[in-house]
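S.K.: quick one, what's the 3D model for this:
(chains A, B, C and D)
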Protein chains: 4
Amino acid sequence: MTTITLEQANTISAAAFAKGRDLGLKPLAVAVVDAGGHLISYQRQDGASIGRLQIASGKACGALFLGVSSRTVAEMAADRPTFIATAATVAPQGLIPAPGGVIVVDKDGSVIGAVGISGDTSDNDEACTLAGISAAGLSEQ
Amino acid sequence: MTTITLEQANTISAAAFAKGRDLGLKPLAVAVVDAGGHLISYQRQDGASIGRLQIASGKACGALFLGVSSRTVAEMAADRPTFIATAATVAPQGLIPAPGGVIVVDKDGSVIGAVGISGDTSDNDEACTLAGISAAGLSEQ
Amino acid sequence: MTTITLEQANTISAAAFAKGRDLGLKPLAVAVVDAGGHLISYQRQDGASIGRLQIASGKACGALFLGVSSRTVAEMAADRPTFIATAATVAPQGLIPAPGGVIVVDKDGSVIGAVGISGDTSDNDEACTLAGISAAGLSEQ
Amino acid sequence: MTTITLEQANTISAAAFAKGRDLGLKPLAVAVVDAGGHLISYQRQDGASIGRLQIASGKACGALFLGVSSRTVAEMAADRPTFIATAATVAPQGLIPAPGGVIVVDKDGSVIGAVGISGDTSDNDEACTLAGISAAGLSEQ
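M.R.: Sure thing, here's the model as predicted:
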């Protein structure tokens, strides 16, 4: 498998939304991208703000850009704020330092894409991201 | 109703893909945007090239930018190529002059969003766009 | 195999330069990108102009963007100049409509990257691209 | 000599990778640019993340932008974070404040280019940069 399929992406989105409903979260947006950071699917729930695309995909693509989860990017930003602020200016697909963006790997550990969610707190966003990846039978890096 | 809902957007996408299968088309990508040109949903079928997002949303957002379908934008481009080429450079969400992008209106004729499809010939893309809008019980401008 | 390796990229570049020497061409630049259009390697021969990066990678990434070779993109530009001119404004990694950019596939036909060359005439650039891909034991789409 | 040659750039890259193997580092990416910040060569080892190009070249080009090594840029960022964060937004070729980017000079002290490396810790990246420059018989500023 070299990429997340559209069917898997839709499973991820549906499971993430189900998790959000279970937790009573605000409306969410889910971006699923391939290993090159190109969008496979995007779903924005009614009431979520218009910038959720850039935040959700910026978490996913920023994770791919640096090769770590956006939670780790957030930790890097706490340690070295100017490094991450300047890296964001040269990240062609965005770089958002907040939990919720996770790299997805296949059985061999090869990167096949990433998922980013935005809409509630970053910790809650990340819980939904992980629920989505798990529901699709995939693994996070 | 002031915007296409996510549920309607997913109905549009599913119906567009069904139309594509009926017609034996290449893999498609479907972008559904709100009246402000902001993505509500995006679905890229397996095998569609990575640029389908920009082409599909550029058809939808270009239609909103000029207030006509992307088929009409294509006709304008045939008549006045430099006007459309330069307009594209200032259209912040893209402007693609090829059929497949259609403005969606409510019962009162108010704009509630747009749909753009890319992947096969532009005429086939547009046929899928119209099938999707119709399946969701919505109307094109 | 999900991507062109660095070793293959270096073989492609060396073979392309050898072909250029055989044909007595001007200094060349060779860009090898993965399936997402992200650079794996770039080599600019002494004397090649500074913009060769953008032209070479724009041929490769534009091919991936539309899912066809940059020769076909050039044919599309001849038929529909405004479509390609506007598509270029929304292609995040560039879109150059001239021969020399070729998509690389694995044995199953899956896209694993692309190669773009710039420096001499577009036809000569393309001959070097194809020589490079062949030398690495890979196939063009 | 007014610029690093491609042959020297390839020597730099090979020596940097050898140093990385000796030290047991993660996959690296090496960007070699001319005095104008334009890429002469780029090599990304298998497994390095897709954003290494922007980080590596942002170290090299940021060094040229301010006329000091990217280690000094990092020190400036610690002292004056907002200055560097805002400078990065106007640095057309990127400005990354972390060690690993070094200006290369000829015998007379004239700038002939720069090298930037990314992939492991910034200190390790810089060690590889210096090993590469030394292997090519060149000097850092």
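S.K.: please, which helix or strand holds residue A:104?
M.R.: strand A:101-105 (DSSP states H and E).
S.K.: any idea how many residues pack against residue A:106?
M.R.: 16 (other CB atoms under 10 Å in any protein chain shown). C-beta coordinates here come from the backbone N, C-alpha and C atoms, glycine included.
S.K.: before we move on, the earlier item: what is the helix or strand following the strand holding residue A:104 packed up against?
M.R.: Reading on from strand A:101-105 to the C-terminus, the next helix or strand found by DSSP H and E is strand A:111-118. Applying 3 or more CB pairs under 8 Å, 6 or more residues apart in numbering or on different chains; DSSP states H and E, one finds that strand A:111-118 contacts helix A:6-23, strand A:29-33, helix A:52-66, strand A:101-105, helix A:122-135.
S.K.: residue ranges with poor pLDDT in chain A?
M.R.: Judged by pLDDT under 70, chain A has its weakly predicted residues at A:1.
S.K.: recalculate using a threshold of 90.
M.R.: A:1-2, A:107-108 (pLDDT under 90).
S.K.: who in it is up against chain D?
M.R.: With CB under 8 Å from any CB of the partner chain as the criterion, chain A meets chain D at residues A:35-37, A:64-67, A:80-83, A:85-87, A:89-92, A:95.
S.K.: what comes into contact with the strand holding residue A:104?
M.R.: If you take CB atoms under 8 Å, 6 or more residues apart in numbering or on different chains as the criterion, strand A:101-105 is touched by A:4, A:56, A:58-64, A:67-71, A:73, A:111-117, A:126, A:129-130, A:133, A:138-141.
S.K.: again with stretch A:132-141
M.R.: Contacts of stretch A:132-141 (CB under 8 Å, 6+ apart): A:4, A:8-9, A:11-16, A:19, A:30, A:68-69, A:102-107, A:109, A:111-112, A:115, A:117, A:130.
S.K.: who in chain A is up against chain B?
M.R.: A:3, A:5-6, A:10, A:34, A:36, A:38-46, A:50, A:53.
S.K.: what about those, which are in helices?
M.R.: A:6, A:10, A:53 (DSSP state H).
S.K.: which residues are in contact with the nearest residue to the last one once chain neighbours are set aside?
M.R.: Going back to what we said before, that points to residue A:53. Leaving out its chain neighbours, the residue that sits closest to residue A:53 by CB to CB, 6 or more residues apart in numbering or on different chains is residue B:39, at 5.1 Å. Going by CB under 8 Å, 6+ apart, residue B:39 touches A:42, A:44, A:53, B:31-33, B:57.
S.K.: same thing with residue A:116?
M.R.: Contacts of residue A:116 (CB under 8 Å, 6+ apart): A:30-31, A:33, A:55-61, A:63, A:70, A:96, A:100-102, A:129.
S.K.: so residue A:86 lies in a helix, does it not?
M.R.: Yes: counting by DSSP: H, G, I helix; E, B strand; the rest coil, residue A:86 is located in a helix.
S.K.: residues near the residue lying closest to it once chain neighbours are set aside, how many?
M.R.: Counting by CB to CB, 6+ apart, residue A:86 lies nearest to residue D:88, which is 3.8 Å off, once chain neighbours are set aside. Counted by other CB under 10 Å, the residues lying close to residue D:88 total 25.
S.K.: and the gap between the nearest residue to residue A:107 once chain neighbours are set aside and chain D?
M.R.: Excluding the flanking residues, the one nearest residue A:107 by CB to CB, 6+ apart is residue A:139, at 7.8 Å. Per CB to the nearest CB, to the nearest Å, residue A:139 is found 17 Å from chain D.
S.K.: who's residue A:139 bridged to?
M.R.: residue A:105 (DSSP bridges).
S.K.: could you measure from it over to residue D:33?
M.R.: 38 Å (CB to CB, to the nearest Å).
S.K.: the closest residue to residue A:74 other than its chain neighbours in helix, strand or coil?
M.R.: Nearest residue to residue A:74 in three dimensions, chain neighbours excluded: residue A:97, at 4.5 Å (CB to CB, 6+ apart). Per three-state DSSP, the local secondary structure of residue A:97 is coil.
S.K.: neighbours around residue A:97, how many?
M.R.: 24.
S.K.: hang on, isn't it packed against residue A:73?
M.R.: Yes: judged on CB atoms under 8 Å, residue A:97 makes contact with residue A:73 at a distance of 4.4 Å.
S.K.: need the residues touching each of those two.
M.R.: By CB under 8 Å, 6+ apart, the residues touching both residue A:97 and residue A:73 are A:62, A:84.
S.K.: roughly how far apart are residue A:97 and chain B?
M.R.: From residue A:97 to chain B the distance is 22 Å (CB to the nearest CB).
S.K.: dump the residue contacts of that residue.
M.R.: A:62, A:70, A:73-74, A:76-77, A:84, A:88 are the contacts of residue A:97 under CB under 8 Å, 6+ apart.
S.K.: without its sequence neighbours, what residue ends up closest to residue A:70?
M.R.: Using CB to CB, 6+ apart, the closest residue to residue A:70 is residue A:101 (3.2 Å).
S.K.: in the sheet, who's paired with that neighbour?
M.R.: Under the criterion used (DSSP bridges), residue A:101 bridges to residue A:116.
S.K.: what is the neighbour count of it?
M.R.: 37.
S.K.: neighbours of residue A:21, how many?
M.R.: 12.
S.K.: quickly note the distance from it to chain B.
M.R.: Taking CB to the nearest CB, one finds residue A:21 at 13 Å from chain B.
S.K.: how about residue A:94, nearest residue that isn't a chain neighbour?
M.R.: Using CB to CB, 6+ apart, the closest residue to residue A:94 is residue A:58 (3.2 Å).
S.K.: list the contacts of the one you found.
M.R.: A:93-96, A:101, A:116.
S.K.: do that again at 7 Å, thanks
M.R.: A:94-96 (CB atoms under 7 Å, 6 or more residues apart in numbering or on different chains).
S.K.: what's the answer for residue A:41, then?
M.R.: A:6, A:9-10, A:13, A:32, B:42-44.
S.K.: how much space between it and residue D:76?
M.R.: Residue A:41 is 42 Å from residue D:76, by CB to CB.
S.K.: between residue A:139 and residue D:33, who's got more neighbours?
M.R.: Neighbour totals were compared for residue A:139 and residue D:33, and residue D:33 leads with 28 against 15 (other CB under 10 Å).
S.K.: close to chain C: what parts of chain A are there?
M.R.: A:2, A:34-38, A:92, A:110 (CB under 7 Å from any CB of the partner chain).
S.K.: for the residue in chain A that chain C sits nearest to, grab phi and psi.
M.R.: Among the residues of chain A, residue A:36 lies closest to chain C, at 1.3 Å counting by CB to the nearest CB. Residue A:36 adopts backbone torsions of phi -90, psi 10, taken as degrees, to the nearest 10.
S.K.: okay, now the residue nearest to it when sequence neighbours are not counted: neighbour count?
M.R.: Leaving aside its chain neighbours, residue A:36 sits nearest to residue C:36 (1.3 Å; criterion: CB to CB, 6+ apart). Neighbouring residues of residue C:36 were enumerated by other CB under 10 Å; the total is 23.
S.K.: got it, and residue A:7?
M.R.: Counted with other CB under 10 Å, residue A:7 comes out at 12.
S.K.: kindly report the same for residue A:123.
M.R.: Neighbour tally, residue A:123, other CB under 10 Å: 11.
S.K.: hmm, it is touching residue A:100, no?
M.R.: No: at 8.4 Å, residue A:123 does not count as touching residue A:100 under the criterion of CB atoms under 7 Å.
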